[in-house]
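Q: show me the folded form of this:
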Amino acid sequence: MMTKDLVTWEVPMIRTPAPKRPTNSELAILRILWEKGPSTVRQVLAELNRDRATGYTTALKMMQIMTEKGLVERDKSARPQIYRPRLSREQTERQLVRDLLERAFAGSAKRLVLQALAVKKASAEEMAEIEKLLNKLEEEKQ
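A: Numbers count the residues shown, from 1 in each chain. Coordinates of the predicted model:
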């Protein structure tokens, strides 16, 4: 007889459609979780400490706040508790770009892209991807 392990992911109490925008420190934790997969606080802390010294209680508190904000989910049934991102990297990037687009560029995708390319030149590979996306969008319009 096979039994399944019970995983109880804590769902944030927030009733908003999307998580709040992550801070730079929270994004650092999310990047670790996206790259390494679901992790304990100690595992995240080990990665954070590669760039700068961070204390365990600081990392724990940040991850608790991220749970409250709806950025991560916590498996309460595991000891030590395991955290995972609530949204994928792509979903989070789109949320951040959408916010920036509205706040800084008054909804103008053209101005956002022009400024992004003015700040950092795109490689030939990136330009090919951009062109492919533009062609796809143009086809969808017709």
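Q: what about this structure, any weak spots by pLDDT?
A: The model of the chain has pLDDT under 70 over residues 1-19.
Q: in it, which spans are strands?
A: Secondary structure of the chain by DSSP state E: the strands cover 9-10, 72-75, 82-85.
Q: to residue 25, which of those strands lies closest?
A: Between residue 25 and these, the shortest separation by CB to CB is 12.9 Å, and it involves strand 72-75. The C-beta positions use only the backbone N, C-alpha and C, and glycine is treated the same way.
Q: run the chain-centre distance for the closest one.
A: Counting by CA atoms, centre = their mean, to the nearest Å, strand 72-75 is centred 14 Å from the centre of its parent chain.
Q: for it, name the packing helices and strands.
A: When contacts are defined as 3 or more CB pairs under 8 Å, 6 or more residues apart in numbering; DSSP states H and E, strand 72-75 sits against strand 9-10, helix 24-36, helix 56-69, strand 82-85.
Q: quick one: closest of the ones you listed to residue 109.
A: So among those, helix 24-36 is nearest, using CB to CB, at 22.4 Å.
Q: now the closest one - C-alpha only, CSV.
A: Output in CSV follows, covering the C-alpha atoms of helix 24-36 (Å, rounded to 0.1, in the frame of the first residue of the first chain):
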residue,chain,number,x,y,z
ASN,A,24,15.9,44.2,-3.8
SER,A,25,16.6,41.9,-0.8
GLU,A,26,13.5,39.9,-1.4
LEU,A,27,14.4,39.6,-5.1
ALA,A,28,17.8,38.2,-4.0
ILE,A,29,16.0,35.5,-2.0
LEU,A,30,13.6,34.8,-4.9
ARG,A,31,16.5,34.4,-7.3
ILE,A,32,18.0,31.7,-5.0
LEU,A,33,14.6,29.9,-4.8
TRP,A,34,14.1,30.0,-8.5
GLU,A,35,17.6,28.6,-9.2
LYS,A,36,17.9,26.1,-6.3
